[in-house]
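Student: Need coordinates for the below:
(chains A and B)
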Amino acid sequence: MKVNTQNATGTLMDNQKVHFLHKASLQSKRMGQSFVTNVLPALIIAFLFIIIWEWMTSSPGAALPSPSRVVSDTWELIVNPFYNHGGTDVGMGWQILASLERVAYGYTLAVIAGISLGVLVGQSTWAMRGLDPIFQILRTVPPLAWLPISLAAFQDSNPSAIFVIFITAIWPIIINTSVGVRNIPEDYRNVSRVLSLNGYEYFVKIMLPAAAPYIFTGLRIGIGLSWLAIVAAEMLIGGVGIGFFIWDAWNASMISDIVLALVYVGIVGFLLDRLIGFISTLVTRGTSAQ
Amino acid sequence: MSKHYLAIEGVNKTFGTGNKSTCVLKDINLFIEKGEYISIIGHSGCGKSTVLNIVAGLLSSSSGGVILDGKEVNSPGPDRSVVFQNHSLLPWLTVYENVAIAVNKTFRKTKTAAQRHEWILRSLEMVHMSHALDKRPAEISGGMKQRVGIARALAMEPKVLLLDEPFGALDALTRAHLQDEVMKIQAEINSTIIMITHDVDEAVLLSDRIVMMTNGPDATIGEILDIDLPKPRNRIDLADDPKYNRYRREVLRFLYEKQRKVETLTPARKTQNLKIETDAKAVNA
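Tutor: Down below sits the predicted model:
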């Protein structure tokens, strides 16, 4: 049942991808028009949004800062993203990089473990019967619920945050990989049997490429989830990182800093998603076009 | 020990166990010589593909066995390469790479990299696909895909080439074209071929012998027809050839008079569908 839900997500992503590809081809054909058709609408909406925001927060007693206040309050942070005054008082660039580093560790581990477990569950009916129910239960546990137990286990904040990323990102990777492996057409298996490919050759030359579109769907959902989790986790563990920065700004009542941080978080999350999407279109170019 | 190049002896195949079991093939005996072109023809569901899969080693027989060139067949191998009905090219590889994966695996120890490269190019040249080496399967037509499938199978230098309804998915013109090419290639390299088909013209045109199978369950070989027409054969000349037409009539008579497709087929088909359904369930669970 859960598999079907994931499948639905998969097709959604595929459609999106097709849409992006279509857009890309348009861009190359009509470079001049592309700005008008693709970028301009977003800019207009953003501009309108800022106008409305400015208007709603322009009264003296407004609880939230207006966009112009945000810019003037945080100008130092915007123009100087890489200052370092020691301790946790570092520029936004460093904060983001600290968060990205944790995500990189946790996500990499999740990719390795997730694809391996997904292949196992996809290949072996027994592994699926044994592991799948456990996965289905564990995947519903909210990321932050893992934090106390990982703090208890690791006795240190940094590995705990990495663990939270890991455990958040791994489920969609496992589930999509296993669906991808299970959906490898019987024909490809027969081809590999006629060619007498050994286990390793089958894994590298048939299984991974054949399951790649599914695997990348999982990877893309996974990177989104890990970026969601890191901000929340860092709010709790402190130290350096964009999540901690937001929490610190809240404690110091610097709402403008929070707004700026949200913009950064959004942009970085968007770029991470696009990065995986880009790698995915490169790698699965041949497969998805069948 | 059989003196024949390829011997299929007393092969039975039963799917399922206990009450639900269906005997698909019963006592298949077929002996094939080197360089022979054999067609197996029969109504759908009669187990033609099962015979081919047993020879390929993709399925194992319930009893009886297959001996190829003095060795028993019990697993798939490059000496029995298969051209699948739906070409089964790997979509993420180019035309060249699809053949290369077979050649590099089969001749890893016996040929140098340069020789293998040469051999890949020659195999693709044989099916006239040299112009599309860097194309992916999605970028070429159905007929071209099947050519590459044939090139991949031939490139492994199999002792016997197994064609599973190789032209079934193609339009009539492309099919005729590819049939001519297969005839030419077979004349050139004298390969031993077993082809599954349900096209009477195709069977008579290409084969040295036509193996006609009875309807399942318990399908077996009904008749074997020797096609004594000189090679190379030309489809236009043969159209008026009385001998050719007599062969055609004989196959047609077997299929539509002696082995009319009867209702008893339905249960056999149902069990097959049931099997597919249970498989699908396993996937969804």
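
Student: and the residue in the stretch 1-150 of chain B positioned nearest to chain A, how many neighbours does it have?
Tutor: When scored by Cβ to the nearest Cβ, the stretch 1-150 of chain B has residue B:92 as its residue closest to chain A, at 3.6 Å. Where you see a C-beta, it was placed from the backbone N, CA and C, and this is true even at glycine. Residue B:92: 25 surrounding residues under other Cβ atoms under 10 Å in any protein chain shown.

Student: Cross-check the contact I'm expecting between it and residue A:209.
Tutor: Yes - applying Cβ atoms under 8 Å as the test, residue B:92 and residue A:209 come out as touching, 4.4 Å apart.

Student: Tell me which helix or strand the closest residue to residue B:200 other than its chain neighbours sits in.
Tutor: Among residues not flanking residue B:200 along the chain, residue B:251 sits closest, at 4.9 Å (Cβ to Cβ, 6 or more residues apart in numbering or on different chains). Counting by DSSP states H and E, the element that carries residue B:251 is helix B:242-253.

Student: gap between that helix and the chain center?
Tutor: How far helix B:242-253 lies from its chain's middle: 22 Å, per Cα atoms, centre = their mean, to the nearest Å.

Student: For that helix, buried residues please.
Tutor: Within helix B:242-253, the residues scored as buried using 16 or more other Cβ atoms under 10 Å in any protein chain shown are B:244, B:247-248, B:250-251.

Student: Give me the local confidence score for residue A:11.
Tutor: On pLDDT, residue A:11 comes in at 46.

Student: Report the mean confidence score over stretch B:66-80.
Tutor: The average pLDDT for stretch B:66-80 rounds to 89.

Student: scratch that, stretch A:88-108
Tutor: Averaging pLDDT along stretch A:88-108 yields 89.

Student: what are the C-alpha coordinates of it, in CSV please?
Tutor: C-alpha atoms of stretch A:88-108 as CSV (Å, rounded to 0.1, in the frame of the first residue of the first chain):
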residue,chain,number,x,y,z
THR,A,88,29.2,31.3,17.3
ASP,A,89,29.3,34.9,16.0
VAL,A,90,30.1,34.1,12.3
GLY,A,91,28.6,35.2,9.0
MET,A,92,25.6,33.7,7.4
GLY,A,93,27.8,31.9,4.8
TRP,A,94,29.6,30.0,7.5
GLN,A,95,26.3,29.2,9.2
ILE,A,96,24.9,27.7,6.0
LEU,A,97,28.1,25.9,5.3
ALA,A,98,28.1,24.3,8.8
SER,A,99,24.6,23.1,8.2
LEU,A,100,25.4,21.9,4.7
GLU,A,101,28.4,19.9,6.1
ARG,A,102,26.1,18.1,8.6
VAL,A,103,23.6,17.4,5.8
ALA,A,104,26.5,16.2,3.6
TYR,A,105,27.6,13.6,6.2
GLY,A,106,24.1,12.5,7.1
TYR,A,107,22.8,12.4,3.6
THR,A,108,25.8,10.5,2.2
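
Student: Show me the contact partners of it.
Tutor: Here stretch A:88-108 makes contact (Cβ atoms under 8 Å, 6 or more residues apart in numbering or on different chains) with A:77-78, A:80-84, A:158, A:161-166, A:168-169, A:222-223, A:226-227, A:230-231, A:234, A:239-245, A:248, A:260-261, A:264, A:268, A:272.

Student: Worst mean pLDDT across the helices and strands of chain A, which element?
Tutor: Least confident helix or strand, chain A: helix A:2-29 with a mean of 49, by mean pLDDT, DSSP states H and E.

Student: Can you classify residue B:211 by secondary structure?
Tutor: Secondary structure for residue B:211, judged by DSSP: H, G, I helix; E, B strand; the rest coil, is strand.

Student: Flag the shaky bits of the stretch 1-150 of chain B, pLDDT-wise.
Tutor: B:1-2 (pLDDT under 70).

Student: Quick one: name the residues of it near chain A.
Tutor: Counting by Cβ under 8 Å from any Cβ of the partner chain, the residues of the stretch 1-150 of chain B close to chain A are B:56-58, B:75-78, B:80-82, B:84, B:86, B:88, B:90-93, B:101-102, B:105-106, B:136-138.

Student: Any chance of a PyMOL selection covering the buried ones in those residues?
Tutor: For the buried members of these, the matching PyMOL selection, counting by 16+ other Cβ under 10 Å, is:
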select buried, chain B and resi 56+57+58+76+77+78+80+81+82+84+88+90+91+92+93+101+102+105+106+136+137
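
Student: I'd like to know which of the residues of the stretch 1-150 of chain B next to chain A are part of strands.
Tutor: Of the positions in the residues of the stretch 1-150 of chain B next to chain A, residue B:82 sit in strands, assigned by DSSP state E.

Student: Can you tell me the element residue B:202 falls in?
Tutor: Using DSSP H and E, residue B:202 maps to helix B:200-206.

Student: and that helix, how far out from the chain's middle?
Tutor: On the basis of Cα atoms, centre = their mean, helix B:200-206 sits 14 Å off its chain's mean C-alpha point.

Student: Equivalent analysis for stretch A:149-157, please.
Tutor: Centroid displacement of stretch A:149-157 relative to its chain, using Cα atoms, centre = their mean, is 24 Å.

Student: can you check stretch B:119-133 too?
Tutor: 21 Å.

Student: residues of that stretch that come out buried?
Tutor: B:119-120, B:123-124, B:126-127, B:129, B:132.

Student: Please apply the same query to stretch B:182-199.
Tutor: Buried residues in stretch B:182-199, counted by 16+ other Cβ under 10 Å: B:182-183, B:185-186, B:191-199.

Student: Over to stretch B:140-156?
Tutor: Across stretch B:140-156, burial judged by 16+ other Cβ under 10 Å covers B:140, B:143-156.

Student: May I have that stretch exported as CSV, CA atoms only?
Tutor: C-alpha atoms of stretch B:140-156 as CSV (Å, rounded to 0.1, in the frame of the first residue of the first chain):
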residue,chain,number,x,y,z
ILE,B,140,15.6,4.1,-33.3
SER,B,141,12.7,2.3,-34.9
GLY,B,142,11.3,-1.1,-33.8
GLY,B,143,12.9,-2.8,-36.8
MET,B,144,16.2,-1.3,-36.0
LYS,B,145,16.0,-2.4,-32.4
GLN,B,146,15.3,-5.9,-33.4
ARG,B,147,18.4,-5.8,-35.7
VAL,B,148,20.5,-4.7,-32.8
GLY,B,149,19.0,-7.5,-30.8
ILE,B,150,20.0,-10.0,-33.5
ALA,B,151,23.4,-8.4,-33.7
ARG,B,152,23.8,-8.8,-30.0
ALA,B,153,22.8,-12.5,-30.1
LEU,B,154,25.0,-13.2,-33.2
ALA,B,155,28.0,-11.4,-31.8
MET,B,156,28.2,-14.0,-29.0
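
Student: which outside residues touch stretch A:186-202?
Tutor: Stretch A:186-202 is touched from outside by A:205-206, A:210, B:56-58, B:75-78, B:80-82, B:84, B:86, B:88, B:90, B:101-102, B:105-106, B:156, with contacts defined as Cβ under 8 Å, 6+ apart.
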